[in-house]
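# no sequence on this one, just coordinates:
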């Protein structure tokens, strides 16, 4: 962007101070026992407490005040930590989104393994908000045809309708990790396939472990993604490989739906899913999904 175009003309000491200030103001947001919090290293800070009530304890309400989150993050060293992240169970950073969207066929490698044609426009489906769970929640499988799909998840900040692509990043409050678990039997029970129910079963949308503001990354559009099943690497790519970029997705979806704060966009998965490789999840399998700069989900699959 414009802020990077003149780096060669900026004295090194000035640029270093700029980067340090930018990273200081960036924030890492978490849901700790249902309460909004900021995270710094292994410590968490209850937002209602450190803001004297100016920021809501409700994670959904807290995300409507991103300026306060940035300001508080820049001054976290002046507050006493509320506890250690290792001693609590984190919930979904965005526990009750109004809308939750999935994007199909958004990595060329996944298009190729599925033997499909590259889409001309984003392939959007609903991943119902009722499926959203936390980063260590169990996944409840009701068939022997369940599958994993590690994905970067975009969290909408300021909402809007008919958002211009060049303004897309300005409508993102942060990024998190997601698993688009899928029951392939339900997804392909009819022709043409129907996605919503097979991808929205209870517990099929783990997210977390935290939400990270976009200014935390040198480039929020280029992050490493890995998915492992029982320790075996199954998926590995970078989010810069997306066919439809995050701004394109926001512009496209907002043509049809007014986006609101906390809406989620599961941006798609790279190659390596079980369905196309003849390997479905079984009882007791552990799926770990990691994204650079955000963290790791770890979900145990339980046959019910």
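Cool, the structure landed. Worth saying up front: this structure is predicted, and the values here are computed from it rather than measured.
# switch to C-alpha atoms for all contacts and neighbour counts from now on
OK.
# any idea how far apart the tips of stretch 136-154 sit?
19 Å (Cα to Cα, to the nearest Å).
# check stretch 193-212 too.
34 Å.
# likewise for stretch 175-185?
Note: stretch 175-185 ends 30 Å apart using Cα to Cα.
# list the buried ones in that stretch?
175-184 (16 or more other Cα atoms under 10 Å).
# those: which two are farthest apart?
175 and 184 (26.8 Å; Cα to Cα).
# mind listing the helices for the stretch 1-150 of the chain?
For the stretch 1-150 of the chain, helices defined by DSSP state H, counting those that start in this stretch occupy the ranges 2-5, 12-25, 47-50, 59-62, 66-74, 108-113.
# for residue 302, give its distance to residue 282.
From residue 302 to residue 282 the distance is 8 Å (Cα to Cα).
# can you add secondary structure, distance to residue 56 and pLDDT and give the buried residues of stretch 175-185 back as a markdown table?
Formatted as a markdown table, those follow (DSSP: H, G, I helix; E, B strand; the rest coil; distance: Cα to Cα, whole Å; pLDDT from 0 to 100):
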| residue | secondary structure | distance to residue 56 | pLDDT |
| --- | --- | --- | --- |
| 175 | strand | 20 | 98 |
| 176 | strand | 20 | 99 |
| 177 | strand | 23 | 99 |
| 178 | strand | 24 | 98 |
| 179 | strand | 27 | 98 |
| 180 | coil | 29 | 98 |
| 181 | coil | 31 | 98 |
| 182 | strand | 34 | 97 |
| 183 | strand | 36 | 96 |
| 184 | helix | 39 | 95 |
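# nearest to residue 215 among those residues?
The closest of the buried residues of stretch 175-185, once distances to residue 215 are taken by Cα to Cα, is residue 175, at 10.3 Å.
# separation between the closest one and residue 118?
Relative to residue 118, and taking Cα to Cα, residue 175 is found at 25 Å.
# going by mean pLDDT, which of the helices of the stretch 1-150 of the chain comes out lowest?
Lowest mean pLDDT of the helices of the stretch 1-150 of the chain: helix 2-5, a mean of 36.
# pretty sure residue 302 contacts residue 284?
Yes: shown here, residue 302 and residue 284 form a contact pair, counting by Cα atoms under 8 Å, at 5.8 Å.
# what are the ranges of the strands in the stretch 201-304 of the chain?
Counting by DSSP state E, counting those that start in this stretch, residue ranges of the strands within the stretch 201-304 of the chain are 205-212, 224-229, 232-238, 264-266, 286-291, 295-303.
# and those strands as CSV, adding mean neighbour count and mean pLDDT?
Output for the strands of the stretch 201-304 of the chain, formatted as CSV (neighbours: other Cα atoms under 10 Å; pLDDT from 0 to 100):
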stretch, mean neighbour count, mean pLDDT
strand 205-212, 28, 98
strand 224-229, 20, 98
strand 232-238, 17, 97
strand 264-266, 28, 99
strand 286-291, 24, 98
strand 295-303, 20, 98
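# any chance of those strands in a markdown table with distance to residue 37 as columns?
Converted to a markdown table, the strands of the stretch 201-304 of the chain look like this (distance: least, Cα to Cα, whole Å):
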| stretch | distance to residue 37 |
| --- | --- |
| strand 205-212 | 10 |
| strand 224-229 | 25 |
| strand 232-238 | 28 |
| strand 264-266 | 19 |
| strand 286-291 | 21 |
| strand 295-303 | 16 |
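# OK, contacts around residue 61?
Contacts of residue 61 were listed using Cα atoms under 8 Å, 6 or more residues apart in numbering, and they are residue 55.
# any idea how far it lies from residue 35?
10 Å.
# and if you look at residue 54?
From residue 54 to residue 35 the distance is 14 Å (Cα to Cα).
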